[in-house]
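In: After the sequence you'll find the predicted model.
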Amino acid sequence: MINNKASVLIVSLWVLLVLSLLAVGLGYQASLDLKLSKNETQRFKAYLLARSGVIRTIALIDNKFLSFAGKTDKEIFSKDFEDGGGKFEIGYQDESNNFVHGIKPQDGRININILSWGPDFQMIVLKNLFFDSNVSDALELSLAITQWVDPQSVSILGKKDNFSVPEELIIALENFYIEKGLPIVDATIESKATYKKIKDIIRTEGDNKIDVSAVSPQVLRILVASAAENSGYDSNLVNSLYVKLNNLLNSQSFKKDGNMVISDATAEEASVLDYLKNNVFKSGSDIFKIESRAQFNNAKRKIEVVYNQKDKKIAYWQEN
Amino acid sequence: MSDTSNKGFTLLELLLAASISAVIFVAVYSSFYAAVLNYKRVNSRSSTFQAGRAVLNKISSDIKNSFVYLKSDSGFKGENKSLEFFTKIISFDQQQEEYLEVAKVKYSILNQELVRQQAKGINTIKPESGKEIKAIVQEIKDLKFEYASALPADALNLYEWADSWPKDDTQVGKLPLAVKVCLFVGTEKQEFQRIIPLPLEVISDQQ
């Protein structure tokens, strides 16, 4: 009689086991759903933070930073909402790959839509841009790109209009490598490799002038070489003028008054410098790249924007 | 003293025990069945919501990253049931490094499935070749697009919705202010709606 009573315990344990398994399964499923939903919410909040960073920076650019006089770049270009409210930071990677708070003027880059320079100078600049970036077939490439955007071009393929975004250049490059005889797979790889080499020194927005205070050493070298070549001078002049001009742009006197005078310039160097001053250089930037990175708990979002301050227009928007 | 433990059950006892067990079993099973049904319904609804949200996120990101391809023709061609436009997408090179490239993307419904067609690289301007077609979510049974355009300053409203883009020549080289996307998901045709503003247009039209 006593032995028979133990069956109640065994049945109860079995029932308990089945119920526990059910509960664990349901709990696991519910926690997965909860995690998904939480991730989604956090990603959306991070996106809103990144977007607010962009909007705030545009307001800052339009007001020319007047209300932020005396504050550090970090104070101006970042906002940390304490107690788990997330944060956003506006900045970019410098040459040493360090994160720097601020915005980068794009007018120091070469506009690949430089039709107003005229086809000859455009081709020379493009050729030197590829050549200086260690891209082979620089001359043929510059010709192909010029034809790609030329409205009068007779080729079947081609945009026959300005590039809208820099990434479009990959298509023109791919077409060039296919026409050169490369299989499509290799042409795709080659076009991406070429684009990667030049993407940090080109732009498609704004006018064709280069802001001297925002110009990089590589772009300066390309422009000096192009202006010298356009005037028929050789590479010796390019090297000496580049060194002198680079020293001038980094000097305190230029940063103070912006006066571009090289006292020890030869007659040829002076003529090339005059060409650059009259046709290529300008002072001040209208195009700014805003990179807004936001974090909300574990979720991170980034928005890249190119803002044209002159036209008060967002010219480029990329969110991930 | 007689050993009562060897005694059997009477028929009445057996019938009574069987009836009580049957009642308990039916009650337990029906509540278990109801719980399973409920769980399945909630689970299906949850996956419907997840699918709807994921698809809307993808469409939203593609639309927001779009751009005007040509001033004479933006390349943004919107109908009530399909939408085609130029955008920028993230790809990976041979070293698995990510980079941006231009793509032409088209959303439409094909055989009751939401389909995203994508042409990259040189195929972007040769739309008839090399298009990757991907059915992104089978549960999506239908979709609907609407396009917002700005109204003149003296109009009562700031914008109006239309079933197509471009509606006239003035819109050919432009992007709409926003796109309204309606998805109908699952057999119950659960509706999901999102209004996606286009950053390039919204800000410039606020000037």
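Out: Alright, I've got the coordinates.
In: On the pLDDT front, check residue B:127 for me.
Out: Per-residue confidence for residue B:127 comes out at a pLDDT of 60.
In: And for residue B:137?
Out: With respect to pLDDT, residue B:137 has a value of 67.
In: Can you give me the buried ones in stretch A:129-144?
Out: Of the residues in stretch A:129-144, A:129-133, A:135, A:137-138, A:141-144 count as buried by neighbour count, 16 or more other CB atoms under 10 Å in any protein chain shown. Bear in mind the C-beta positions are built from the backbone N, C-alpha and C, glycine included.
In: Repeat that for stretch A:82-90.
Out: For stretch A:82-90, by 16+ other CB under 10 Å, it's A:86-90.
In: same deal with stretch A:194-207?
Out: A:194-195, A:198-199, A:201-206.
In: With distance to residue A:163, secondary structure and pLDDT added, can I get these in TSV?
Out: What follows is the buried residues of stretch A:194-207, written out as TSV (distance: CB to CB, whole Å; DSSP: H, G, I helix; E, B strand; the rest coil; pLDDT from 0 to 100):
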residue	distance to residue A:163	secondary structure	pLDDT
A:194	15	helix	95
A:195	12	helix	94
A:198	13	helix	95
A:199	12	helix	93
A:201	15	helix	94
A:202	9	strand	95
A:203	10	strand	94
A:204	5	coil	93
A:205	10	coil	91
A:206	13	coil	89
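In: Among those residues, which ones lie close to chain B?
Out: Filtering these for proximity to chain B by CB under 8 Å from any CB of the partner chain leaves residue A:195.
In: OK, contacts around residue A:36?
Out: Applying CB atoms under 8 Å, 6 or more residues apart in numbering or on different chains to residue A:36 gives the contacts residue B:50.
In: Doesn't it lie inside a strand?
Out: No. Going by DSSP: H, G, I helix; E, B strand; the rest coil, the assignment for residue A:36 is helix, not a strand.
In: ok, back up a step: TSV for the buried residues of stretch A:129-144, including distance to residue A:120?
Out: Shown next, in TSV, are these (distance: CB to CB, whole Å):
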residue	distance to residue A:120
A:129	15
A:130	16
A:131	16
A:132	19
A:133	21
A:135	20
A:137	19
A:138	16
A:141	16
A:142	11
A:143	11
A:144	16
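In: which one among the residues you listed gets closest to chain B?
Out: For these, the closest approach to chain B (CB to the nearest CB) belongs to residue A:144, at 13.0 Å.
In: Contact distance from chain A - what residues of chain B qualify?
Out: So far as CB under 8 Å from any CB goes, chain B lies against chain A at B:4-5, B:39, B:43, B:46, B:50, B:53, B:61, B:64-65, B:67-72, B:86, B:88, B:90, B:93-94, B:99-102, B:121-122, B:124-126, B:199-200, B:203-204, B:207.
In: What about these, which are in strands?
Out: B:86, B:88, B:90, B:99-102 (DSSP state E).
In: Give the buried subset of these as a ChimeraX selection command.
Out: The ChimeraX selection below is limited to those of these classed as buried (16+ other CB under 10 Å):
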select /B:86,88,100,101,102
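In: Spatially, which two of the ones in strands among the residues of chain B next to chain A are the most separated?
Out: Using CB to CB, these span at most 17.0 Å, a distance reached by B:86 and B:99.
In: Name the helix or strand for residue B:175, please.
Out: Under the criterion DSSP states H and E, no helix or strand holds residue B:175.
In: Residue B:68 is in contact with that one, correct?
Out: Yes. Applying CB atoms under 8 Å, one finds residue B:175 in contact with residue B:68, separated by 6.1 Å.
In: follow-up on the earlier one: need the buried ones from the residues of chain B next to chain A selected in PyMOL.
Out: This is how PyMOL selects the buried members of the residues of chain B next to chain A, with burial counted by 16+ other CB under 10 Å:
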select buried, chain B and resi 50+53+61+64+65+67+68+69+86+88+100+101+102+121+122+124+125+199+200+203+204
